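Novice: sharing a model that was predicted from the sequence below.
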Amino acid sequence: MDILINNSSGIPIYEQIYNQVKTQIVTGQLKEGEALPSMRLLAKELRISVITTKRAYEELERDGLIETITGKGSFVGKQNIEVIREEFLKETEEHMQKAIESARHTDMNLQDLIELLKMLYDFE
């Protein structure tokens, strides 16, 4: 499981972990039933507090993305990938709507907005 932490992003670390694990589940990088690293191991690998990894795992479990079995660890839960994907699409639409509103406030035309989107998409 690959997780990259950006300390200067302004997004809490537990949320970065949550988002990256969720993305890996939706894209199939993490499969149903696959074991996740222990909270302690992940904290050690990322050089962060165990409390932070615990919060991320609790959020993932609360949302049904992972299952934790006492004494055995945490595993990718049974998912309805389409429901999760629909959540991502809805979130993307909301962000794009905000971007469109900002672009209109600066009189940016559609073609310039599309070019900016292409540039940012390729940059990531």
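Specialist: Yep, it's here. If you're wondering where the values come from, they're calculated on a predicted model, not measured in any experiment.
Novice: strands along this structure, start to end?
Specialist: Ranges of strands within the chain are 66-69, 73-76, based on DSSP state E.
Novice: just those: most buried one?
Specialist: Each of the strands of the chain was scored by mean neighbour count; the highest is strand 73-76, a mean of 19, by mean count of other Cβ atoms under 10 Å. Where C-beta positions appear, they are placed from N, C-alpha and C, glycine not excepted.
Novice: centre of the chain to that strand, how far?
Specialist: Taking the mean of its C-alpha atoms, strand 73-76 sits 17 Å from the chain's own mean (Cα atoms, centre = their mean, to the nearest Å).
Novice: mind starting the numbering at 388 from now?
Specialist: Got it, first residue is 388 now, which makes that one strand 460-463.
Novice: and it, what does it pack against?
Specialist: The helices and strands touching strand 460-463, judged by 3 or more Cβ pairs under 8 Å, 6 or more residues apart in numbering; DSSP states H and E, are helix 437-449, strand 453-456.
Novice: can you pull the phi/psi pair for the residue lying closest to residue 454 once chain neighbours are set aside?
Specialist: Residue nearest to residue 454 in three dimensions, not counting chain neighbours: residue 464, with 4.5 Å by Cβ to Cβ, 6 or more residues apart in numbering. The phi/psi pair for residue 464 (degrees, to the nearest 10) reads phi -80, psi 180.
Novice: before we move on, back to that, nearest approach to residue 503 belongs to which of the helices and strands packed on strand 460-463?
Specialist: Nearest to residue 503, of all the helices and strands packed on strand 460-463, is helix 437-449, at 31.8 Å by Cβ to Cβ.
Novice: which residues sit against the closest one?
Specialist: Here helix 437-449 makes contact (Cβ atoms under 8 Å, 6 or more residues apart in numbering) with 400-402, 404-405, 408-409, 423, 426-427, 429-430, 433, 453-455, 461, 464.
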